[in-house]
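mind folding the following:
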Amino acid sequence: MNAILEKQNILPLPAEYFARGGSIDDYKIVFDLLNLYSMHLNGRVDLNDPELLRLDWLNDGFNPETDLHLVFAADGTLVAFVECWTTQQPPVHPWIYGCVHPDHWGKGIGGHIVTWAEDHARLALDKCAPDLRVAPRSGVEAHNENGNALFEGLGWKHIRSFYRMVADLDSAPEESAVPDGIVIRPYDPETELEEVYRTFVDTFNDHFGFIEQPFEKGLAEYKHNFVEEPGYTPEMWFVAMDGDRMAGICICRRENADDAESGWVSELGVRREWRKRGLGHALLKHAFAAFYADGKKRAGLGVDASSLTGALKLYENAGMRVQRQFNMYEKEFRSGKELAVESL
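Residues are numbered from 1 along each chain as shown. The predicted structure is shown next:
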């Protein structure tokens with residue numbers, strides 16, 4: 001039997017604070033805290049629309065009453081929150097995310113919420129086969145020195161970094177040449193959602209951390225997170241077609257979640273058969289042109305800084321630059337077989 005890491009005790013809160021589980025109705029106070037935290041750290045909000053947070057908590061398998069932990073000051077002000085996601089099947093990498101109000105830093109609250117989430121994430125051990133490696137993951141911005149030190153002090157390891165990239169759209173972008181035989185067009189929301197999802201799975205099977213989900217579960221989650229969200233704009237979903245075969249996708253939001261003047265590329269992927277022909281570059285430039293025509297001043301996306309498919313170089317060649325860096329941390333609970341993609 002694979003060794004299991006000794007349990008970390010939940011670090012206590014100072015006496016003047018109290019904690020409770022969450023509810024779906026807490027999304028607005030958490031939204032306000034997230035934006036206050038982001039303004040302090042980055043000089044900008046994290047989300048423009050609280051509905052995005054509520055929608056996130058409505059994902060199947062996430063229960064705010066048990067998977068969300070809120071910390072309050074004596075006067076009832078929310079000062080910290082943390083989410084622990086074990087919705088993946090199997091949940092070999094529970095995802096932990098939270099923050100602390102800047103006025104309450106240095107009081108041990110960060111240690112409390114991370115260790116609470118660690119304790120909650122241990123439930124995943126019984127939901128995963130005994131030969132599987134189980135290790136919760138979390139992320140913190142690279143310039144948040146206190147946040148990085150917190151994770152490292154609790155025995156977490158920095159395993160990866162991710163970039164948020166941006167391109168200025170000061171003038172009409174030059175569209176890239178499309179490979180022979182390929183047509184880029186908006187997708188048909190009436191008939192093509194399932195094929196878009198299948199293309200997403202095929203292309204992201206080559207991305208670090210990806211774990212393919214049972215088809216019906218994965219499709220339902222994709223629909224919930226991309227179609228049922230308030231920023232869904234089907235005319236900004238582009239597909240690359242080679243005859244009747246979908247070679248690639250570029251799934252976009254008309255408006256970035258934290259910047260109304262920027263478009264956002266949510267997913268960009270090309271199936272293996274059509275790679276190394278410039279199709280990814282052509283899809284990206286097509287999206288830039290659509291954003292510019294829509295009056296946007298910028299375009300943004302997220303990328304693995306050590307992308308297995310060379311996506312970072314593609315985006316740099318398209319004129320994008322790094323805006324922010326996020327560090328991913330991991331704490332191994334149990335050694336064993338790794339299910340997530342780590343290399344090609």
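
surely residue 327 is in a helix?
No: Residue 327: not assigned to a helix; according to DSSP: H, G, I helix; E, B strand; the rest coil it is strand.

residue contacts, it?
139-142, 148, 158, 160-161 (CB atoms under 8 Å, 6 or more residues apart in numbering). For every residue, glycine as well, the C-beta is placed using N, CA and C.

for it, list each beta-bridge partner.
Following DSSP bridges, residue 327 is listed with bridge partners residue 140, residue 161.

in a helix, residue 27, correct?
Yes: when classified by three-state DSSP, residue 27 is found to be part of a helix.

helix or strand for the residue nearest to it when sequence neighbours are not counted, just tell me which one.
Closest residue to residue 27 apart from its sequence neighbours, by CB to CB, 6 or more residues apart in numbering: residue 54 at 4.2 Å. With secondary structure defined by DSSP states H and E, residue 54 is part of helix 51-57.

who are the packing partners of that helix?
The contact analysis (3 or more CB pairs under 8 Å, 6 or more residues apart in numbering; DSSP states H and E) places helix 51-57 against helix 27-42.

buried residues in the helix it packs on, which are they?
For helix 27-42, burial by neighbour count (16 or more other CB atoms under 10 Å) applies to 27, 29-31, 33-38, 41.

walk me through the domains of this structure.
Here the domain parsing of the chain from automatic domain parsing is 17-155, 165-325.

now do the helices in this protein.
Remark: helices assigned in the chain by DSSP state H are 27-42, 51-57, 64-67, 109-121, 145-153, 193-204, 215-222, 279-293, 311-317.

what residues are bridge-paired with the residue positioned nearest the centre of the chain?
Compute the mean C-alpha point of the chain, and by CA atoms, centre = their mean the closest residue is residue 302, 8.5 Å away. Beta-bridge partners of residue 302, counted by DSSP bridges, are residue 164.

that one and residue 163 touch, don't they?
Yes: here residue 302 lies in contact with residue 163, judged by CB atoms under 8 Å, at a distance of 7.0 Å.

number of nearby residues for the residue nearest to residue 27?
Neighbours of residue 54 under the rule other CB atoms under 10 Å: 17.

distance of it relative to residue 120?
With distances taken as CB to CB, to the nearest Å, residue 54 is found 21 Å from residue 120.

residue 48 too?
For residue 48, the distance to residue 120 - CB to CB - is 29 Å.

same check, this time on residue 83
In terms of CB to CB, residue 83 sits 10 Å off from residue 120.

mutual contacts of these two, please.
residue 67.

that older thread, want to try JSON lines for the helices of the chain, with distance to residue 330 and mean pLDDT as columns?
As requested, those are exported to JSON lines (distance: least, CB to CB, whole Å; pLDDT from 0 to 100):
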{"stretch": "helix 27-42", "distance to residue 330": "22", "mean pLDDT": "97"}
{"stretch": "helix 51-57", "distance to residue 330": "22", "mean pLDDT": "97"}
{"stretch": "helix 64-67", "distance to residue 330": "19", "mean pLDDT": "98"}
{"stretch": "helix 109-121", "distance to residue 330": "11", "mean pLDDT": "98"}
{"stretch": "helix 145-153", "distance to residue 330": "9", "mean pLDDT": "97"}
{"stretch": "helix 193-204", "distance to residue 330": "19", "mean pLDDT": "98"}
{"stretch": "helix 215-222", "distance to residue 330": "22", "mean pLDDT": "97"}
{"stretch": "helix 279-293", "distance to residue 330": "28", "mean pLDDT": "97"}
{"stretch": "helix 311-317", "distance to residue 330": "21", "mean pLDDT": "96"}
